[in-house]
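Novice: 3D model of this:
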Amino acid sequence: MILIKNCNLWTMANLNNSLGSIVVEGKKIIEVSDTDLSKKYQEATIIDAKGYFTMPGIVDPHCHIGMMEQIYGWAGQDTNEITNPITPELKGIEAIKPHDASFKEALANGVTTVCTGPGSANVIGGTFCILKTKGKTIEDMIVKEETAMKMALGENPKRCYKEKGPSTRMASAALMRQALTEAKLYKEDWDNYNAGKTTTRPQYNAKWNSLQRVFTGMQVKVHAHQADDIVTAVRICEEFNLNYTIEHCTEGYLIPEFLKKHNVKCILGPTLGEKSKYELKAKSFVSAKVLNDNKIDYAFMTDHPVITLDTTLCQTGLFVKAGLPYLDALKANTIYAAKIIGVDDVVGSIENNKDADIVIYSKDPLAYDAKVLFVMLNGVVEINNL
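Specialist: I've put the predicted structure just below:
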């Protein structure tokens with residue numbers, strides 16, 4: 001048992017900017033209080049946070065860590081299977097390299113949970129997984145082996161397939177709709193067979209067998225930057241009654257009424273960095289404030305290594321500078337992110353029965369000179385410079 005006392009607690013739950021204590025047993029948090037719990041837990045190993053800023057580990061809801069290694073070029077690049085625009089049978093977890101140096105860098109900068117998977121070359125690219133940021137093998141890291149199906153609209157499929165197709169936004173949307181229809185029919189055939197309504201066993205198809213899961217609740221992550229692509233994504237997802245999020249949502253702030261009307265969940269970013277292609281022309285840090293003001297669900301992503309995970313809070317500070325309330329900005333990297341990807345029962349805040357993923361900073365973590373002094377992951381102290 002470990003007791004961390006004298007924390008300036010920012011739990012992302014009911015205690016924020018409060019001096020208090022956290023008690024950890026095994027992998028889990030068992031008590032959080034705005035009092036000193038040293039007398040109650042005299043048998044615990046004591047760690048003194050010395051009044052430093054204490055918050056849950058950062059949760060990144062969309063990145064490519066482990067799949068797109070930064071320094072290895074072709075050898076470390078397993079993000080996009082650019083041989084067919086429809087590849088729902090692919091599993092991102094089968095391309096993750098646990099010894100990617102970026103995991104160590106992410107953990108050292110307070111990032112403890114990541115949702116990582118295929119890129120956006122394909123209209124349907126395969127499944128994302130959710131991992132903790134340390135482990136010798138992928139089994140050590142798994143939170144969810146398959147959590148969402150990646151889809152994409154806009155420039156990327158056009159650029160990657162060109163004359164082979166899709167070469168237009170119309171074709172990308174048509175391919176997405178055709179694949180969903182095939183998977184829906186496949187599911188109906190198997191449902192009828194399993195219910196005894198037909199006696200002919202349907203032929204197995206790896207693509208549709210994987211994709212059919214979006215009709216039973218698997219989340220769909222749709223890459224869409226431009227407002228028109230966002231609207232197309234929503235139209236298709238609602239046509240098939242999917243559980244979806246819009247990834248990047250760069251121009252979402254230009255159509256907040258539409259997003260609110262359709263209860264769209266947005267994973268916003270990366271907003272730090274250059275406007276590297278046409279569909280990023282309207283990229284702006286005011287976007288988060290607009291979504292927040294309109295009470296639209298959102299979280300922040302890095303799209304690592306587009307911007308690296310160690311710059312997560314640098315990006316966040318610029319959202320605050322553009323008007324986003326401070327606490328909401330921190331929540332967009334923690335509890336809001338955890339809720340959108342469906343793991344807020346275990347991570348995203350410092351609360352009882354959640355994983356003990358705790359980070360302590362030398363000062364306000366959005367300050368340019370703030371340092372990570374302490375990291376606990378799954379109840380294990382990984383860094384301690386208190």
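
Novice: any idea how far the spatially closest residue to residue 35 that is not a sequence neighbour is from residue 7?
Specialist: In space, and not counting its chain neighbours, residue 35 is closest to residue 20: 6.3 Å by CB to CB, 6 or more residues apart in numbering. In short, each C-beta sits where N, CA and C put it, glycine included. As judged by CB to CB, to the nearest Å, residue 20 and residue 7 stand 6 Å apart.

Novice: what does residue 213 give?
Specialist: Applying CB to CB to residue 213 and residue 7 gives a distance of 41 Å.

Novice: more crowded one of those two?
Specialist: Comparing residue 213 with residue 7 by other CB atoms under 10 Å, the one with more neighbours is residue 7, at 29 against 18.

Novice: does the more buried one really touch residue 16, like I thought?
Specialist: No - counting by CB atoms under 8 Å, residue 7 does not reach residue 16; the two are 11.6 Å apart.

Novice: ok, residue 242 - contacts?
Specialist: Neighbouring residues of residue 242 by CB atoms under 8 Å, 6 or more residues apart in numbering: 214, 215, 220.

Novice: does it belong to a helix, a strand or coil?
Specialist: The three-state label given to residue 242 by DSSP: H, G, I helix; E, B strand; the rest coil is coil.

Novice: who's in contact with residue 72?
Specialist: Neighbour list for residue 72: empty [criterion: CB under 8 Å, 6+ apart].

Novice: let me fix that, I meant to ask about residue 88.
Specialist: 124, 125, 126, 127, 149, 179, 183, 207, 208, 210, 211.

Novice: of the residues you listed, closest to residue 246?
Specialist: residue 149 (13.9 Å; CB to CB).

Novice: so which strand or helix has the closest one?
Specialist: Element membership of residue 149, judged by DSSP states H and E, is strand 142-152.

Novice: for whatever helix or strand comes next after that strand, give the mean pLDDT please.
Specialist: Per DSSP H and E, the first helix or strand lying C-terminal to strand 142-152 is helix 155-161. Summarised as a single mean, pLDDT over helix 155-161 is 96.

Novice: may I have helix 155-161 exported as PDB, CA atoms only?
Specialist: Below are the C-alpha coordinates for helix 155-161, written out as PDB (Å, rounded to 0.1, in the frame of the first residue of the first chain):
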ATOM      1  CA  GLU A 155      -7.700  14.100 -48.900                       C
ATOM      2  CA  ASN A 156      -5.800  11.000 -47.600                       C
ATOM      3  CA  PRO A 157      -7.600   8.200 -49.400                       C
ATOM      4  CA  LYS A 158      -7.600  10.300 -52.600                       C
ATOM      5  CA  ARG A 159      -3.900  11.000 -52.400                       C
ATOM      6  CA  CYS A 160      -2.900   7.400 -51.600                       C
ATOM      7  CA  TYR A 161      -5.000   5.700 -54.300                       C
END
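
Novice: for the helix or strand that comes right after that helix, which positions count as buried?
Specialist: Proceeding N to C from helix 155-161, the next assigned helix or strand is helix 169-194, under DSSP H and E. In terms of neighbour count (16 or more other CB atoms under 10 Å), helix 169-194 has its buried residues at 169, 171-173, 175-176, 179-180, 182-184, 186-187, 189-190.

Novice: after helix 169-194, next one along is what?
Specialist: Counting by DSSP H and E, the next helix or strand C-terminal to helix 169-194 is helix 206-211.

Novice: mind listing the strands the next helix or strand after that following helix pairs with, and their directions?
Specialist: The C-terminal neighbour of helix 206-211 among helices and strands, as given by DSSP H and E, is strand 219-224. Here strand 219-224 is paired, per DSSP bridges, with strand 142-152 (parallel), strand 244-248 (parallel).

Novice: report the angle between the axes of the longest one and helix 169-194?
Specialist: Calculated by axes from the mean of the first three to the mean of the last three CA atoms, to 10 degrees, strand 142-152 forms an angle of 130 degrees with helix 169-194.
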